[in-house]
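> 3D model of this:
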Amino acid sequence: MRSHPEPVGFAARYRAAVAERGRLCAGIDPHAALLEQWGLPVSVDGLRAFGLACVEGLGPVAAVIKPQVAFFEAFGSGGFEVLEEVVAGCRAAGALVLADAKRGDIGSTMAAYTTAWLDDASPLCSDAVTVSPYLGFGALEPAVAQARAADRGVFVLARTSNPEGAVLQTALIQPGRAGTTVAQSIVDAAAAVNADGAGTVGVVVGATREHGLDLSALAGPILSPGLGAQGATPADLAAIFGGTTDLSWLLPAASRSILRAGPDATALAAATAQTRDDIESALR
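Numbering: from 1, shown residues only. Just a heads-up that it's a prediction; the model follows:
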């Protein structure tokens, strides 16, 4: 692997969290079927009970916690109020919070999204946010600049696990640059930002299939969803990401496989710890 500067900024915060708690991003996905499975009403009250149980169970254990914003947004203003409580609770418990919002726009609109998710003045302020680069990587500059200034991060969609993404993400960006896919160009752009050692830009690369990317120069976290319900196992991780990836940056993500242990917070904590330990054992 290539050598990189000593971690600073978000990279240092991320490294410290993972060193203390292990490589796991635990998702909070309060979709209706899970609320019902937990015996909760599909309402703001049910959402709050779900979210607070996750804060209690996941918050003290996982290095990174990823609330899926859409499931809160579905309840309107009440859902956002609950999300604010969840973000604050998880951060107070010592976890880094990655808001899975997948925002992407241009100019002042992207700047407004940036304020919502990465500015201390916002009640939704998180340690990092997922963003989409498919209006051009350069359009993400407001988020990248704010994240760098505040020692926070952005996680950019690169090679996602959904089959529909392959048509765009594996397309060659120029006929004259054989082998450079759209997804690889995003990884390369992220690596260029991360040359300062701050690890400001992470990428999202699914764990459910071979990705065909060279991640060796990234020097930032690699969020890898797909464990559990989507079919990937901890044993798959080294095979899929070995060779061209610094596995110390790999951040496998699991949601439903952990949340099935609810609604008891102690059981959620145990499921989170077991998933983390299985990942660490597989990657050791």
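
> Wasn't residue 151 part of a helix?
No - counting by DSSP: H, G, I helix; E, B strand; the rest coil, residue 151 falls outside a helix, being coil.

> OK, contacts around the residue nearest to it when sequence neighbours are not counted?
Distance criterion CB to CB, 6 or more residues apart in numbering; nearest residue to residue 151, sequence neighbours excluded, is residue 9 at 4.6 Å. For glycine as for every other residue, the C-beta is placed from the backbone atoms N, C-alpha and C. Going by CB atoms under 8 Å, 6 or more residues apart in numbering, residue 9 touches 148, 151, 196-200.

> likewise residue 52?
Going by CB under 8 Å, 6+ apart, residue 52 touches 85-86, 89.

> Distance of it relative to residue 32?
Computed as CB to CB, to the nearest Å, the residue 52 to residue 32 distance reads 18 Å.

> How about residue 173?
Residue 173 is 39 Å from residue 32, where distance means CB to CB.

> if I pick residue 226, what's in contact with it?
Residue 226 neighbours (CB under 8 Å, 6+ apart): 161, 206-208, 232, 253.

> Nearest to residue 42 among the residues you listed?
Closest to residue 42 out of the contacts of residue 226 is residue 253 (24.4 Å), distances taken as CB to CB.

> Contacts for the one helix or strand that closest one maps to, please.
Secondary-structure assignment from DSSP states H and E places residue 253 in strand 250-254. Residues from elsewhere that reach strand 250-254 (CB under 8 Å, 6+ apart): 18, 23-27, 63-64, 66, 202, 207, 221-228, 232, 234, 237, 241, 275, 279, 283.

> ok so, going back, look up phi and psi at the residue nearest to residue 151.
Geometry field for residue 9 lists phi and psi as phi 50, psi -140, criterion degrees, to the nearest 10.

> Restricted to buried residues, select the contacts of residue 52 in ChimeraX.
To isolate the buried members of the contacts of residue 52 in ChimeraX, using 16 or more other CB atoms under 10 Å:
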select :86,89
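
> The contacts of residue 52 in helices, which ones?
Among the contacts of residue 52, the members found in helices (DSSP state H) are 85-86, 89.
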